[in-house]
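[1] sequence below, structure please.
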Amino acid sequence: MKTISIALKDLQILFKDRGALFQLFILPLLFIMVFTGALGAIGSSGKSEVVTLPTLGVVSLDYGEAAAFLLSKIKEDGSFLVQSLSATDVQSQLDENKVVAVLTIPLGFTEGIQQSTPVTLVIAPGKNSDPQIVEAARLVIESIAADMTLESQIISSLKQMGDMQATAPEQYQVFSTERVLAQARSQFVTAQARPLINIVQTVPQQAEQQAVTPDLSLSAVPGFTVLFVFLAGQTTARSIYEEKKIGSFRRLVAAPINKAQLLLGKILPNFVIALIQIAVIFAFGAFGLRLLGMTPLPIEKAPVGALLVAILLALCSSAFGILIASIAKTENQIAGLSTLLLWGMGLLGGSLVPLFILERFIGPLAMIVPHYWANKALDDLLIRGLGLADIWLSLVMLGVFTLIFFAIGLWRFDFER
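    Numbering: from 1, shown residues only. Model prediction:
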C-alpha cells in the first residue's frame, strides 16, 4: 500500500504539470504527423512508375488469313502495342514519335504464304526511335515470320507428297492429301497452344531484394512511440531529484519500506503514464492518421502482441528512469544524460530512421540498445504481419534490458541524499 501511495502522489504531481503533459502526449503526435507525411512522400517517389509499352504501327494491305495471323501473334507477344494505320498516316505518326516503327504487310501476303512464294515485310523506324526497341520489334516479327514460313513449307511438302501418292496404285494410297493436311494443321494449332519446349527467364535476387520492403510511412508511429516512451523515463529521474531537493525523499527512506519497494513506487507512475502514452499514440496512428488522409497504423493485425510489447516497453522505460536517477546528481545532469542517451539510443535503435534502412548501414550495432528490440517487435507485428512466435527474442531482450537497468539503478542509487 505504501508503494501505491508513493505512486499515486507522483501521478497527481505529474498531471498538474502542463509542460510535461504536452511533451508526453501532444509532441509525439506532432512528430508523427510531420514524419508520416514526409516518409510517405519519399516512399511514393521511390516506387517504380508504370511502364508504357512502345507502339508499333501496322499498315496492312492484305486482308487474308496469314496477315491476320501475323498481327494476332505480334499482339500475343505483348512486347508492343499494335496500332493500325493507313498509308497516309505513316509519316506523321513517325515524325511525332507516336510509333517507334511501322510494319507494312504487302498485298498478296496471304497468297504468297499459301503458295510458298517469297513475300517481303517492310519495317520503317522513326528518325528519333530507339534503335534497340526497333531491333526488338524486328526480332519479334522475324520470329513469327520464321514459324509461318516453316509451317507453309511443311504444308507445301505434304501437298507434293500427296500429289505423288495420287499416281500410285490404289492399294498404296493409305491417306488422302486432304486428311494429311488436316492432321498437320491440327498439330500446328496444338503446338501453338501447348509448346513442347517452354523457356522461362529468371533473374537472381539479392537477399535485400527478396525481403518485403515495408511502407516507409508506417514506421513513423512505432518509431516515435518507442522514442517518446523512453523519453518519459526522465520524468522518474526528475521526480526523485525534486524530492531529494526539498527533503521529502529522506522521509520516504525513513519509512518502514525497503529500498526495492521505494524504487518500485517511483517506477509505477512512469509505467502507468507510459501505457497511457502508448494507447494515445496508437489510437492516433490507427484513427487520427486515417482521418487526415495518411496511412493508418494497422493495430488490428496484432492487438494482443502490441499490448504485450507495450507493457514490456513501459517497464523498460521506467527502469531506465531509475538508472538515470542513480547516475545523475544534478538537474542539469539529468537533462544532459536524458538528451544524450535517449535521443542517441533512439537514433541508433531505429526510432528516427526506419529500422530496415538503418540495418543496411550499421548492421548488428543497433542491437545494443533496447529501442532496437522494441522497434523490431512492433515492426514485425504491425508492418510485416508476423505473429507472437516470431518476436519472442525481441520480447526476451526487452525483459533483459529492464532487469539490467533496474539492477544497476538499485545498486548505484544513493538513498542517503
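
[2] any idea how far residue 287 is from residue 303?
    14 Å (CB to CB, to the nearest Å). (C-beta placed from N, C-alpha, C; glycine too.)

[3] can you list the domains in the chain?
    Domain ranges of the chain: 2-40+215-412, 55-192, per automatic domain parsing.

[4] Throw those domains into a markdown table and include mean pLDDT and mean neighbour count, thanks.
    A markdown table is the format used below for these (pLDDT from 0 to 100; neighbours: other CB atoms under 10 Å):
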| stretch | mean pLDDT | mean neighbour count |
| --- | --- | --- |
| domain 2-40+215-412 | 84 | 19 |
| domain 55-192 | 78 | 15 |
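
[5] backbone dihedrals for residue 105, please?
    phi -100, psi 110 (degrees, to the nearest 10).

[6] what's in contact with stretch 114-126?
    Identification of contacts with stretch 114-126 by CB atoms under 8 Å, 6 or more residues apart in numbering yields 66, 90, 94-95, 97, 99-106, 108-109, 111-113, 131, 134, 137-138, 141, 145, 152-153, 156.

[7] among the residues you listed, which are in helices?
    When the contacts of stretch 114-126 are checked against helices (DSSP state H), the matches are 66, 90, 94-95, 109, 111-113, 131, 134, 137-138, 141, 145, 152-153, 156.

[8] for residue 278, give me its contacts.
    The contact partners of residue 278, by CB under 8 Å, 6+ apart, come to 225, 229, 310, 313, 314.

[9] please redo it, this time with the cut-off set to 10 Å
    Contact analysis of residue 278 by CB atoms under 10 Å, 6 or more residues apart in numbering lists 28, 225-226, 228-229, 232, 306-307, 309-311, 313-314, 317.

[10] can you check residue 347 too?
    For residue 347, the contact set (CB under 10 Å, 6+ apart) comprises 227, 353, 358, 366, 369, 371.

[11] which neighbouring elements make contact with the helix or strand the first one falls within?
    With elements delineated by DSSP states H and E, residue 227 resides in helix 220-231, which encompasses its position. With contacts defined as 3 or more CB pairs under 10 Å, 6 or more residues apart in numbering; DSSP states H and E, the packing partners of helix 220-231 are helix 27-46, helix 259-283, helix 303-327, helix 344-348, helix 370-378.

[12] following the fourth one, which helix or strand shows up next?
    Toward the C-terminal end, the helix or strand that comes next after helix 344-348 (DSSP H and E) is helix 355-362.

[13] same question for the first one.
    Scanning forward in sequence from helix 27-46 by DSSP H and E, the next helix or strand is strand 55-60.

[14] so what are the sheet partners of that following strand and their directions?
    Paired neighbours of strand 55-60 in the sheet (DSSP bridges): strand 81-84 (parallel), strand 101-105 (parallel).

[15] can those strands go into CSV with extra columns for distance to residue 19?
    Output for these, formatted as CSV (distance: least, CB to CB, whole Å):
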stretch, distance to residue 19
strand 81-84, 63
strand 101-105, 70
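
[16] now for those, which one comes closest to residue 394?
    Among the strands paired with strand 55-60, strand 81-84 comes nearest to residue 394, with 49.6 Å by CB to CB.

[17] other residues contacting the closest one?
    So strand 81-84 is contacted by 52-60, 71-72, 74-75, 89, 93, 98-100, 102-103 (CB under 10 Å, 6+ apart).

[18] and for stretch 378-388?
    211-212, 214-215, 218-219, 221-223, 225-226, 282, 285-286, 297-306, 308-310, 313, 350, 354-356, 376-377, 390-391, 394-395.

[19] list the residues that contact the nearest residue in space to residue 89 that is not next to it in sequence.
    Leaving out its chain neighbours, the residue that sits closest to residue 89 by CB to CB, 6 or more residues apart in numbering is residue 57, at 7.9 Å. Neighbour list for residue 57: 80-85, 89-90, 93-94, 98-104, 124, 126 [criterion: CB under 10 Å, 6+ apart].

[20] how much space between residue 57 and residue 92?
    As for residue 57, its distance to residue 92 is 11 Å (criterion: CB to CB).

[21] now list whatever residues contact both of these two.
    Taking CB under 10 Å, 6+ apart as the contact rule, residue 57 and residue 92 both touch 85, 98.

[22] looks like residue 337 contacts residue 238 (just checking).
    No: taking contacts as CB atoms under 10 Å, residue 337 lies outside contact range of residue 238: 11.5 Å.

[23] what touches both of those two?
    324, 325, 328.

[24] can you put these in CSV and add distance to residue 341?
    Shown next, in CSV, are the shared contacts of residue 337 and residue 238 (distance: CB to CB, whole Å):
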residue, distance to residue 341
324, 7
325, 13
328, 10
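
[25] go through these and name the one nearest residue 246.
    residue 325 (15.4 Å).

[26] tell me which element residue 118 falls in.
    Counting by DSSP H and E, residue 118 is part of no helix or strand.

[27] distance of it from residue 108?
    Counting by CB to CB - residue 118 and residue 108 are separated by 11 Å.

[28] same question for residue 270.
    Distance from residue 270 to residue 108, by CB to CB: 90 Å.

[29] residue 5 too?
    104 Å.

[30] same question, residue 364
    From residue 364 across to residue 108, the span is 72 Å (CB to CB).

[31] my read: residue 236 touches residue 269, true?
    Yes: taking contacts as CB under 10 Å, residue 236 lies within contact range of residue 269: 7.3 Å.

[32] which neighbours do the two have in common?
    Common neighbours of residue 236 and residue 269 (CB under 10 Å, 6+ apart) are 10, 318, 321.

[33] those residues into TSV, with extra columns for distance to residue 244?
    Formatted as TSV, these follow (distance: CB to CB, whole Å):
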residue	distance to residue 244
10	14
318	18
321	14
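
[34] for residue 34, state which of those is nearest.
    Lowest distance from residue 34 to the shared contacts of residue 236 and residue 269 (CB to CB) belongs to residue 321, with 26.7 Å.

[35] ok, now which ones touch the closest residue to residue 80 other than its chain neighbours?
    Closest residue to residue 80 apart from its sequence neighbours, by CB to CB, 6+ apart: residue 56 at 4.1 Å. Contact analysis of residue 56 by CB under 10 Å, 6+ apart lists 74-75, 79-83, 85, 99-103, 123, 133-134, 136-137, 140-141.

[36] cutoff 6 Å now
    Residue 56 is in contact with 80, 82, 137, counting by CB atoms under 6 Å, 6 or more residues apart in numbering.

[37] could those residues go into TSV alongside distance to residue 265?
    Converted to TSV, the contacts of residue 56 look like this (distance: CB to CB, whole Å):
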residue	distance to residue 265
80	75
82	79
137	79
